[in-house]
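Asks: coords please:
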Amino acid sequence: MSWSPDEPDDFPDDTGTIREIIDRGPTKNIHFFNHIPTDNRELAKEATGITNNQGGVILIGVNFNGEIIGLDNSEEIYHQSIETLEEYIEPELSYSLRIIDIDEEEIIVINVDRYTQTQYKTIHAMEKRFYMRGFHSSNPLRPTEVASIIKNIE
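Replies: Numbering: from 1, shown residues only. This next block holds a predicted model:
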């Protein structure tokens, strides 16, 4: 398991940093879910696309327009998120996860590290499908794209 309760030095955990992320809106490195997706694979797909790109942040409890909605059951969603990321993604994903209180609402912040382990000579897959983060969502890669990425791993 590559999840760690220890936060990296760059973990976005202060209100100002979270607000900056929200103000940027969804990008190749930022994704918002207003709640945990009904289909857990959606969370795994976005995390896979983000790690295969440059790493980034997923916020749960913030809608696509950047409105902080919050979560009523953040502790349950916290554990469900860990289970989802561990179950669906190969090889193991490196990430940190935390519940943050902002504007009197609890949200979940998932800091997804960029995939840099070259010993596998592969990239992350979700249910044997490879994804790369586009501007607003993660998209499946064609076999030629996967081959090209793997060839360029140093």
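
Asks: roughly how far apart are S96 and F130?
Replies: Look at S96 and F130: by CB to CB, to the nearest Å, they are 23 Å apart. In short, each C-beta sits where N, CA and C put it, glycine included.

Asks: now swap in Q54 and tell me
Replies: Q54 is 16 Å from F130, by CB to CB.

Asks: When the two are compared, which one has more neighbours?
Replies: Counted by other CB atoms under 10 Å, Q54 and F130 do not tie: F130 has more neighbours, with 22 against 13.

Asks: Let me see the contact set for the more buried one.
Replies: Neighbouring residues of F130 by CB atoms under 8 Å, 6 or more residues apart in numbering: T48, N52, I123, H124, P140, L141, E145, V146.

Asks: where's it, which helix or strand?
Replies: Secondary structure assignment for F130, by DSSP states H and E: strand 129-133.

Asks: With E86 instead?
Replies: helix 74-88.

Asks: Can you pull out the residues in contact with that helix?
Replies: Under CB under 8 Å, 6+ apart, the answer for helix 74-88 is 1, 3, 35-36, 40-41, 43-44, 47, 60-61, 71, 92-93, 95, 97, 99, 106-108, 110, 126-127.

Asks: Go through that helix and flag the buried ones.
Replies: Judged by neighbour count (16 or more other CB atoms under 10 Å), helix 74-88 contains these buried residues: S74, I77, Y78, Q80, S81, T84, L85, Y88.

Asks: Now tabulate those in JSON lines and tack on distance to H31.
Replies: Output for the buried residues of helix 74-88, formatted as JSON lines (distance: CB to CB, whole Å):
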{"residue": "S74", "distance to H31": "18"}
{"residue": "I77", "distance to H31": "15"}
{"residue": "Y78", "distance to H31": "17"}
{"residue": "Q80", "distance to H31": "17"}
{"residue": "S81", "distance to H31": "13"}
{"residue": "T84", "distance to H31": "14"}
{"residue": "L85", "distance to H31": "13"}
{"residue": "Y88", "distance to H31": "16"}
